[in-house]
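Trainee: what shape does this take:
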Amino acid sequence: MLRDRLRFCVLGSGSKGNATYVEAGGTRLLIDAGFSGRELEARLAALGVEAAELSAILISHEHSDHLRGAAVLARRYHLPLYLNGATCRAAGPDLTKKTIINEFATGSAFLCGNIQVHPFAVSHDAAEPVGFLLKAGGRLLGHCTDLGAVSRLVATRLRGCDALVLECNHDPEMLQAGPYPPALKQRVRSRHGHLANHEAAALLADLLHAGLRHVVLSHLSETNNTPELAEAAVKAAFNGRPAATLPQLTVACQQHGAAVVTL
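Mentor: Residues are numbered from 1 along each chain as shown. Sure thing, here's the model as predicted:
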């Protein structure tokens, strides 16, 4: 792999854990660390990456399926954690004890090694959740896995990306008929919950452009969705578009994530 290329891999995504590896120009980042430290080490090793080689960990919000292994890896390998102040406070003292904390301001871009990171606000039931834009080598990756509604800001920030990792959480009919209690169903459906398949599909259809080459559907509910339903919703939204203009579409699963993408 050429050092100036940006490559990424969703290591796993769902309600039990989320993490994405991003690499460019010798900088190696982890977006979220929602698995145990041992599991994250194993999933990185499967890519040929040692956890000790990481440059930093970016945290989108404080929920455990995005944070579980962050403190362990940060302390074990002396890795800096990048997160906003509200997320840091909501995460509690276990995260900050003997770890290197770099607070960012939501909406303000910063450099992390050779990768420019731009955190932007999203709607989710957390203290101050963010999505990320990551830019290196002239390529732009959008990463947004937990949001209950597509705001104008989200659509603006994700426009023009070469690749996207986007939540495609649930099928509304499966959610309605499923085993979740009413309060949890309402939370998932709310503007501070998670995107339904058709909502993610509509956003992707709006974001289509010639340079968008890869889309990874993420954070699928194991109870209220299937990869087939998520793909079908997106393909329906793409219907009528010339095949040559469509991005490669993959689905990240909880057990083993998705394939490595190089831009």
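Trainee: and residue 8, which of the three is it?
Mentor: Following DSSP: H, G, I helix; E, B strand; the rest coil, residue 8 is assigned to strand.
Trainee: and the worst-scoring helix or strand of the chain on mean pLDDT, what does it pack against?
Mentor: Ranked by mean pLDDT, DSSP states H and E, the helix or strand of the chain with the weakest confidence is helix 93-96, at a mean of 94. For helix 93-96, the elements it packs on are helix 70-77, judged by 3 or more Cβ pairs under 8 Å, 6 or more residues apart in numbering; DSSP states H and E. (Glycine included, C-beta is placed from N, CA and C.)
Trainee: could you tell me the angle between the helix or strand following the helix it packs on and helix 70-77?
Mentor: Next along the chain after helix 70-77, taking DSSP states H and E as the criterion, comes strand 80-84. Inter-element angle recorded for strand 80-84 and helix 70-77: 150 degrees (by axes from the mean of the first three to the mean of the last three Cα atoms, to 10 degrees).
Trainee: from the contact counts, what lies against strand 80-84?
Mentor: Judged by 3+ Cβ pairs under 8 Å, 6+ apart, strand 80-84 is in contact with strand 56-58, helix 70-77, strand 100-104.
Trainee: run through the helices of the stretch 1-150 of the chain in chain order.
Mentor: 37-45, 64-67, 70-77, 85-91, 93-96 (DSSP state H, counting those that start in this stretch).
Trainee: I'd like to know which elements the longest one is packed against.
Mentor: So the one you mean is helix 37-45. In terms of contacts (3+ Cβ pairs under 8 Å, 6+ apart), helix 37-45 is packed against strand 7-12, strand 19-24, helix 70-77.
Trainee: now it, how far from the centre of its chain.
Mentor: Taking Cα atoms, centre = their mean, to the nearest Å, one finds helix 37-45 lying 17 Å from the centre of the chain it belongs to.
Trainee: okay, the angle between that helix and strand 19-24?
Mentor: Relative orientation of helix 37-45 versus strand 19-24 (the same axes, to 10 degrees): 40 degrees.
Trainee: quick one: work out the angle between helix 37-45 and strand 7-12.
Mentor: For helix 37-45 against strand 7-12, the angle by the same axes, to 10 degrees is 140 degrees.
Trainee: of the helices of the stretch 1-150 of the chain, which is nearest residue 151?
Mentor: The closest of these to residue 151 is helix 85-91. By Cβ to Cβ, the value is 17.8 Å.
Trainee: can you tell me the SS state at residue 193?
Mentor: With three-state DSSP as the basis, the three-state label of residue 193 is coil.
Trainee: in the stretch 1-150 of the chain, where is pLDDT below threshold?
Mentor: Confidence mapping of the stretch 1-150 of the chain against pLDDT under 70 gives the ranges 1-3.
Trainee: now residue 93: how far from residue 64?
Mentor: Residue 93 sits 15 Å away from residue 64, taking Cβ to Cβ, to the nearest Å as the criterion.
Trainee: need the helices and strands packed on helix 37-45 in JSON lines (columns: distance to residue 209 and mean neighbour count).
Mentor: Shown next, in JSON lines, are the helices and strands packed on helix 37-45 (distance: least, Cβ to Cβ, whole Å; neighbours: other Cβ atoms under 10 Å):
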{"stretch": "strand 7-12", "distance to residue 209": "19", "mean neighbour count": "25"}
{"stretch": "strand 19-24", "distance to residue 209": "21", "mean neighbour count": "25"}
{"stretch": "helix 70-77", "distance to residue 209": "34", "mean neighbour count": "20"}
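Trainee: the ones you listed: which one's closest to residue 214?
Mentor: strand 7-12 (8.8 Å).
Trainee: can you give the distance of the closest one from its chain's centre?
Mentor: 9 Å.
Trainee: can you give the strand pairings for that strand, parallel or anti for each?
Mentor: Sheet pairing for strand 7-12, assigned by DSSP bridges, gives strand 19-24 (antiparallel), strand 261-262 (antiparallel).
Trainee: which stretch among the helices and strands packed on helix 37-45 comes nearest residue 132?
Mentor: Going by Cβ to Cβ, the one of those nearest residue 132 is strand 19-24, 8.9 Å.
Trainee: just the strands in this structure please.
Mentor: All strands of the chain, identified by DSSP state E, fall at 7-12, 19-24, 27-31, 56-58, 80-84, 100-104, 110-112, 115-121, 130-136, 139-144, 163-167, 214-218, 248-251, 261-262.
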